[in-house]
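Asker: take this sequence and fold it.
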Amino acid sequence: EETAPQVFYWASAGKAFTAVVILQLVEEGKLKLDDKLARWFPDFPNAKVVTLDHLLTHTSGLYSFQNDPALRAQPGYKSPETLLAVAKAHGNAFCPGEYWAYCNTGYVLLARIVEQVEGQPFHAVVTRRIMDRLELKHTRSLAPNAPVANIAPAHPSKPEETEAGFHFSTPFGAGNVVGTAEDLVRFWHALLGGRLVKPKTMQGMFERLHPMFGQPQFYGRGVMLYEVPKPDGSTQVWLGHSGGCPGIKAVMA
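Answerer: Numbering: from 1, shown residues only. I've put the predicted structure just below:
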């Protein structure tokens with residue numbers, strides 16, 4: 001019997017999976033990019049003007065839950081409801097579309113919306129629409145609080161960075177994917193090759209790019225573009241998504 005290979009936690013690189021599912025639902029006419037958050041979460045701040053596209057592109061202005069020190073100090077698994085309650089309590093930082101600010105909360109909301117549209121748990125929808133379709137045998141979208149076997153452990157460079165009992169399923173739609181590097185390459189080949197969404201949809205993921213953190217990198221709809229310097233002074237363009245949490249850095253490009 002083949003032993004399961006060691007897998008990696010892909011952190012925010014898993015957002016690309018969430019974005020693909022949303023865009024598949026848009027292609028199927030079950031969602032529209034300009035659908036308002038109020039349709040599903042009417043009590044969220046600015047819900048009448050925040051769109052799915054704002055959530056995908058980190059331009060919603062919603063508070064990103066991981067910025068809350070008290071939440072980070074709580075050990076172990078935290079439910080999507082807990083994350084959303086924290087974000088809601090903080091209120092919004094800016095009007096939707098006014099600025100860009102990385103926001104994990106938006107992707108938790110997108111995953112909850114997927115569940116309401118599909119009538120299935122988020123991890124099951126991702127598995128059916130992506131892993132099963134591409135036969136990614138060593139990649140999983142984690143169920144809430146699911147046990148994780150044979151996963152590469154985190155290696156924080158500073159002990160104080162360690163988040164007590166961080167559970168890989170906590171970020172939900174903001175990054176709950178574990179898998180092998182080979183599988184992630186196959187996922188990106190399929191995405192860029194127009195096998196998960198139509199080529200026009202895939203190009204649309206990169207059509208409006210927002211500068212990130214003053215670095216030569218940019219954010220689209222659940223994807224990133226990197227301008228990587230070459231020795232001769234020119235730059236090379238990489239497409240992908242990166243992520244991280246205490247002790248883990250992930251880049252898929």
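Asker: make it CA atoms for all contacts and neighbour counts henceforth
Answerer: Will do.
Asker: name all residues that make contact with residue 68.
Answerer: Each residue near residue 68 by CA atoms under 8 Å, 6 or more residues apart in numbering is listed here: residue 86.
Asker: where does it land on pLDDT?
Answerer: At residue 68, the model reports a pLDDT of 94.
Asker: same question for residue 149.
Answerer: Listed pLDDT for residue 149 reads 81.
Asker: phi and psi next, for it.
Answerer: In terms of degrees, to the nearest 10, the main-chain angles of residue 149 are phi -100, psi 160.
Asker: how near is residue 95 to residue 154?
Answerer: As judged by CA to CA, to the nearest Å, residue 95 and residue 154 stand 36 Å apart.
Asker: if you could redo that for residue 116, that was the one I meant.
Answerer: Look at residue 116 and residue 154: by CA to CA, they are 33 Å apart.
Asker: okay, buried residues for the strand ranked longest in the chain please.
Answerer: In the chain, with assignment by DSSP state E, the single longest strand is strand 235-245. Neighbour-count burial for strand 235-245, counted by 16 or more other CA atoms under 10 Å, picks out 239-243, 245.
Asker: I'd like those residues as CSV, with distance to residue 206 and pLDDT appended.
Answerer: Formatted as CSV, the buried residues of strand 235-245 follow (distance: CA to CA, whole Å; pLDDT from 0 to 100):
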residue, distance to residue 206, pLDDT
239, 9, 97
240, 10, 97
241, 12, 97
242, 15, 96
243, 18, 95
245, 25, 86
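Asker: related to what we said a few turns ago, the longest strand of the chain packs against which elements?
Answerer: In terms of contacts (3 or more CA pairs under 8 Å, 6 or more residues apart in numbering; DSSP states H and E), strand 235-245 is packed against strand 224-229, strand 248-252.
Asker: got the CA positions of the longest one in PDB?
Answerer: Listed in PDB are the C-alpha atoms of strand 224-229, where the atom choice follows Å, rounded to 0.1, in the frame of the first residue of the first chain:
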ATOM      1  CA  MET A 224      -1.000  37.600  -7.600                       C
ATOM      2  CA  LEU A 225       1.400  39.000 -10.200                       C
ATOM      3  CA  TYR A 226       5.100  39.400  -9.200                       C
ATOM      4  CA  GLU A 227       7.800  41.400 -11.000                       C
ATOM      5  CA  VAL A 228      10.900  39.500 -10.200                       C
ATOM      6  CA  PRO A 229      14.300  41.200 -10.900                       C
END
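Asker: and it, which residues are buried?
Answerer: Residues of strand 224-229 classed as buried by neighbour count (16+ other CA under 10 Å): 224-226.
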